[in-house]
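Enquirer: Structure here, sequence nowhere to be found:
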């Protein structure tokens, strides 16, 4: 069963979840869409250039559900460099075109446990491991089942 986070996260809730993902997960992904390259900012292209070395084969992973034709997921390993970059983002919705690729997701054992739809401000738990349940409870994060 998947769960949707209700409302927005405050900075403490965001940091608690992010720290949990960065500690417990081995990979993350972002996605891109067919878009005119002139519309994209330099930071978008720099992300793909800087992280190309850490790219993994997305066919080895259970990815989030596609919601748009032409959507492509890029999976990367979580390591000191990629974690540092992610920690500098203000929230899960900072991952938006034209500045960055969209929809950051986190993976544990090659299965997505958390995904976003940035332009819709949606955050989805695909699984609820014990560590996540503890954070949801401690930080009073509202969730509801979506399927």
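Expert: On my side now, so go ahead. Values in this document were obtained by computation on a predicted structure and should not be read as measured data.
Enquirer: Next, work out how far apart the residue of the chain positioned farthest from its centre and residue 44 are.
Expert: What lies farthest from the middle of the chain is residue 38; by CA atoms, centre = their mean that is 24.7 Å. Noted for residue 38: a distance of 12 Å to residue 44, by CB to CB, to the nearest Å. Every residue, glycine included, has its C-beta placed from N, CA and C.
Enquirer: How about residue 139, nearest residue that isn't a chain neighbour?
Expert: Once flanking residues are discounted, residue 139 sits nearest to residue 13: 4.6 Å by CB to CB, 6 or more residues apart in numbering.
Enquirer: burial of the one you found, as a residue count?
Expert: As a burial measure, residue 13 scores 20 neighbours (other CB atoms under 10 Å).
Enquirer: just how off-centre is the helix or strand containing it within its chain?
Expert: For residue 13, the host element (DSSP states H and E) is helix 11-24. Distance, stretch centre to chain centre, for helix 11-24: 12 Å (CA atoms, centre = their mean, to the nearest Å).
Enquirer: and whichever helix or strand comes after that helix, which strands flank it?
Expert: Following helix 11-24 in sequence order, the next helix or strand is strand 27-32 (DSSP H and E). Sheet pairing of strand 27-32 (DSSP bridges) gives strand 72-77 (antiparallel), strand 102-108 (antiparallel).
Enquirer: which residues of this protein score low on pLDDT?
Expert: 36 (pLDDT under 70).
Enquirer: where do the strands sit along it?
Expert: 3-5, 27-32, 55-56, 72-77, 102-108, 111-117, 122-125, 143-145 (DSSP state E).
Enquirer: Need the residues that contact the fifth one.
Expert: Looking back up the chat, that one is strand 102-108. For strand 102-108, contacts defined as CB atoms under 8 Å, 6 or more residues apart in numbering pick out 21, 24-33, 61, 63-64, 73, 75, 78, 86, 92, 95-96, 112-119, 127, 129.
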